[in-house]
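A.B. asks: What would the 3D arrangement of this be:
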Amino acid sequence: MRKTSFAPGILFLICALAVPALIIGQQSRSARRATTPDRSTNGAAPNGKTNSAVSGPMIKSDVSEALSVIQSNYIDGRKVDYNSLFKSSINGMLSVLDPHSTYFDPVEYASFRTEQRSEYFGIGATLEDLREGNDVNTFIRATFPESPAARAGLRYGDRVLAVDGNSMKGKTYPEVRKYLLGPRGAPVKVTVEHPGNHQSETFNMIRDAVSLPSIAQAYMLRSGVGYVAMTGGFNLTTADEFEQALRQLHAKGMNMLILDLRGNRGGLLIQAVRVVNEFLQKGQMIVSQKGRFRDSSQAYAAANENPDSVPLVVLVNGGTASAAEIVAGALQDHDRALIVGETTFGKGLVQFPFQLDYDSALLLTIAKYYTPSGRLIQRDYSNGGFYNYYFPGGLAAEKKNQANPPNGPESHTDTGRAVYGGGGISPDETVKPGTINAAERHLRDVLFAFSLELTTGRVAGFDSYKIQRAIEFDHDLGVEDYPITDGVFQALKRFVATKPIFNVTPDQLDKSRTFAERELRYNILSAAYGYRVATQVFNDADPQIARAVDAMPRARELALAASRARARG
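C.D. replies: Sure, this is the predicted structure:
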């Protein structure tokens with residue numbers, strides 16, 4: 001296995017949480033593989049014996065014959081979607097291999113490559129539903145910087161009436177979004193109703209590339225404490241975004257850092273390597289991968305002569321996967337960071353996209369990766385069930401034994417701490433996330449409705465909350481920005497009393513006041529500064545972030561202990 005001190009120009013593989021078929025899309029590099037598997041192992045079992053008498057020509061013949069029988073005899077043969085039939089047959093074959101090998105048809109593969117570039121094609125706006133009784137309408141929540149929507153002048157609270165002449169009445173925002181997406185350079189007509197004057201206006205826009213950065217937030221959480229939310233996957237721009245964020249935060253006085261990888265599904269392996277390289281000494285191992293054919297086995301070591309020495313806490317949860325786990329695992333194994341949160345997903349397989357004819361592709365597992373201590377963190381998938389793999393112990397489940405280490409082989413960090421493989425990265429400090437109960441979720445519609453009244457200046461006595469201007473995307477948020485005073489809250493209660501359609505009472509608001517104030521401020525800040533800045537208000541009440549701040553002294557001592565251990569050799 002070759003050891004590499006990485007260089008930014010190398011082509012790398014995919015370490016993303018790739019959920020096949022209809023579950024979850026994924027992000028990857030598109031390329032035609034020049035290297036082919038070792039032919040000497042083709043068709044042979046590990047013991048060297050032939051697996052079966054089945055051959056490629058036989059399979060082709062059987063598939064062709066089966067398709068012919070379907071075409072000639074199936075009762076609804078003329079209605080068969082042959083693209084779906086073809087896809088399901090390939091994915092059925094791949095499902096026997098592992099949960100992460102999958103097939104992309106040309107449309108999916110094009111979307112796959114676009115997402116890998118940290119962008120999508122559309123108008124660049126976030127949307128929000130408002131439900132009033134049985135009626136549902138979709139509104140503009142915010143626009144993205146330099147996007148077609150921002151250039152056209154769409155604002156918070158604009159109600160989407162039609163797209164290209166198609167009525168959006170009664171459609172939820174995922175449905176509306178499908179109408180707004182389209183090829184780059186394609187025109188789209190969006191008709192909206194402005195909340196301030198209830199006048200409709202049609203905007204003619206040209207769809208364009210809209211940036212989807214890996215880093216959703218990077219700001220000073222409090223004096224000396226920087227916070228970076230790297231939640232958007234590891235794409236082509238991730239490491240460059242991170243380097244820029246570190247420079248900006250250091251310039252603002254950062255001497256401690258929280259790196260938030262919660263919900264990060266992974267992506268390009270090299271981007272994870274570059275992120276870890278910011279913090280490790282030259283020569284320290286970052287990750288190794290072991291595969292079947294030439295060049296698929298390789299180890300990556302840090303090449304940084306002057307790594308950042310800031311104390312570091314990394315936040316993770318069950319949605320932290322693959323390339324994000326490479327980052328968490330490397331920093332944990334070298335005791336360079338303290339890991340806080342919940343056990344990660346546990347994906348230790350590496351995929352490569354093999355481009356096929358007609359612009360389709362196979363995303364095929366070609367290697368496993370190992371953390372510096374030798375851990376393979378891949379969770380068990382021997383039962384062969386996708387649902388059991390992804391849900392009971394995966395993304396959508398509450399893990400009942402978060403405090404218990406994965407039931408796998410024991411390894412040790414640089415200072416001798418025990419860590420385990422076989423089921424993700426276990427945090428050094430386990431902390432449950434904050435939750436929103438049903439009563440609080442029920443308030444969201446009325447809070448959004450009231451924010452529309454406030455931001456359009458229709459609430460008497462609160463003209464300072466009127467926001468009818470372009471978004472200030474680079475604003476440094478302060479406590480003085482649109483606070484929810486007692487006067488604002490009382491106005492909210494009066495509004496609720498006049499809107500029985502929302503089925504909310506003033507007493508319900510009092511019982512959930514903390515949530516209501518935070519959600520209302522988020523809505524107002526979205527209108528003023530965009531949703532990325534607005535999201536900061538939720539971090540103030542996040543128990544995992546709070547523990548990360550409290551854990552900084554332990555993170556500092558851990559890094560110093562590891563440094564002393566290396567010095568002793």
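A.B. asks: where along the stretch 301-450 of the chain do the helices fall?
C.D. replies: 323-333, 386-390, 438-441, 444-455 (DSSP state H, counting those that start in this stretch).
A.B. asks: So which residues make contact with the third one?
C.D. replies: What it means is helix 438-441. Defining contact as CB atoms under 8 Å, 6 or more residues apart in numbering, one finds that helix 438-441 is touched by Gln508, Lys511, Ser512, Phe515, Ala516, Glu519. To be clear about C-beta, it is placed using only N, CA and C from the backbone, and glycine gets the same treatment.
A.B. asks: ok, now how distant is Phe538 from His194?
C.D. replies: Using CB to CB, to the nearest Å, one obtains 28 Å as the distance from Phe538 to His194.
A.B. asks: Tell me which of these two has more neighbours.
C.D. replies: His194 (17 against 14; other CB atoms under 10 Å).
A.B. asks: That one reaches Val160, doesn't it?
C.D. replies: No. Checked against CB atoms under 8 Å, the pair His194 and Val160 is beyond contact range at 11.6 Å.
A.B. asks: tell me the domain boundaries of this structure?
C.D. replies: The record's domain split for the chain, according to automatic domain parsing, is 119-211, 215-348+369-434, 438-541.
A.B. asks: With just CA atoms, put stretch 372-382 into CSV.
C.D. replies: Backbone C-alpha positions of stretch 372-382 (Å, rounded to 0.1, in the frame of the first residue of the first chain) are rendered in CSV as follows:
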residue,chain,number,x,y,z
PRO,A,372,-5.1,6.1,11.7
SER,A,373,-5.4,3.7,14.5
GLY,A,374,-6.6,1.0,12.1
ARG,A,375,-10.3,1.1,12.7
LEU,A,376,-12.8,0.0,10.0
ILE,A,377,-15.9,1.9,11.1
GLN,A,378,-18.3,0.3,8.6
ARG,A,379,-21.5,-0.9,10.3
ASP,A,380,-22.7,-4.4,9.7
TYR,A,381,-24.9,-5.0,6.6
SER,A,382,-24.8,-8.8,6.6
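A.B. asks: outside of the helix or strand hosting Tyr522, which residues touch it?
C.D. replies: Per DSSP states H and E, Tyr522 falls inside helix 513-529. With CB under 8 Å, 6+ apart as the test, helix 513-529 has contacts from 141-142, 155-157, 436, 440, 443-444, 447-448, 450-451, 454-455, 465, 467, 471-473, 475, 477, 481-484, 488-489, 492, 509, 533-535, 537-538, 540-541.
A.B. asks: check contacts around the nearest residue to Gln468 once chain neighbours are set aside.
C.D. replies: Excluding its sequence neighbours, the residue lying closest to Gln468 (CB to CB, 6 or more residues apart in numbering) is Gly196, at 6.1 Å. By CB under 8 Å, 6+ apart, the residues touching Gly196 are Gly157, Thr456, Gly457, Gln468.
A.B. asks: switch the cut-off to 10 Å
C.D. replies: Shown in contact with Gly196 (CB atoms under 10 Å, 6 or more residues apart in numbering): Arg155, Gly157, Asp158, Leu452, Thr455, Thr456, Gly457, Arg458, Lys466, Gln468.
A.B. asks: And what about it, helix, strand or coil?
C.D. replies: Using DSSP: H, G, I helix; E, B strand; the rest coil, the secondary structure recorded for Gly196 is coil.
A.B. asks: Quick check: the farthest pair among the contacts of helix 438-441?
C.D. replies: Farthest apart among the contacts of helix 438-441 by CB to CB are Lys511 and Glu519. That separation is 14.1 Å.
A.B. asks: more neighbours, these two?
C.D. replies: Glu519 (21 against 14).
A.B. asks: Next one: the more buried one from Lys499, what distance?
C.D. replies: Taken as CB to CB, the span from Glu519 to Lys499 is 16 Å.
A.B. asks: again with Leu509
C.D. replies: Counting by CB to CB, the gap from Leu509 to Lys499 is 12 Å.
A.B. asks: Give me the common contacts of those two.
C.D. replies: Common neighbours of Leu509 and Lys499 (criterion: CB under 10 Å, 6+ apart): Val446.
A.B. asks: more crowded one of those two?
C.D. replies: A count of neighbours by other CB under 10 Å puts Leu509 above the other of Leu509 and Lys499, at 23 against 14.
A.B. asks: what's the pLDDT at that one?
C.D. replies: What the model reports as pLDDT for Leu509 is 97.
A.B. asks: secondary structure class for it?
C.D. replies: Leu509 ends up helix, using three-state DSSP.
A.B. asks: where does the protein dip in pLDDT?
C.D. replies: Scanning the chain with the threshold set as pLDDT under 70 gives 1-15, 17-53, 384-385, 392-406, 569.
A.B. asks: coming back round to it: next SSE downstream of the helix holding Tyr522?
C.D. replies: For helix 513-529, the succeeding helix or strand toward the C-terminus, using DSSP H and E, is helix 531-534.
A.B. asks: and the next element down the chain from that following helix?
C.D. replies: Counting by DSSP H and E, the element after helix 531-534 in chain order, helix or strand, is helix 536-539.
A.B. asks: send the alpha carbons of that following helix over as PDB?
C.D. replies: Taking C-alpha atoms only, helix 536-539 is exported to PDB below (Å, rounded to 0.1, in the frame of the first residue of the first chain):
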ATOM      1  CA  GLN A 536     -27.600  31.300  14.300                       C
ATOM      2  CA  VAL A 537     -30.500  32.000  16.700                       C
ATOM      3  CA  PHE A 538     -31.100  28.200  17.100                       C
ATOM      4  CA  ASN A 539     -27.400  27.600  18.100                       C
END
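A.B. asks: Can you mark which positions in the helix or strand just after it are buried?
C.D. replies: Using DSSP H and E, the helix or strand that follows helix 536-539 towards the C-terminus is helix 543-550. For helix 543-550, burial by neighbour count (16 or more other CB atoms under 10 Å) applies to Gln544, Ile545, Arg547, Ala548.
A.B. asks: what does stretch 83-92 give?
C.D. replies: Of the residues in stretch 83-92, Lys87, Ile90 count as buried by neighbour count, 16+ other CB under 10 Å.
A.B. asks: any idea which of the helices of the stretch 301-450 of the chain is most buried?
C.D. replies: helix 323-333 (a mean of 29; mean count of other CB atoms under 10 Å).
A.B. asks: Please state the offset of it from the chain centre?
C.D. replies: Taking CA atoms, centre = their mean, to the nearest Å, one finds helix 323-333 lying 16 Å from the centre of the chain it belongs to.
A.B. asks: Kindly report the same for stretch 480-495.
C.D. replies: Offset of stretch 480-495 from its chain centre (CA atoms, centre = their mean): 33 Å.
A.B. asks: what comes up buried for it?
C.D. replies: Asp481, Tyr482, Ile484, Val488, Phe489, Ala491, Leu492, Lys493, Phe495.
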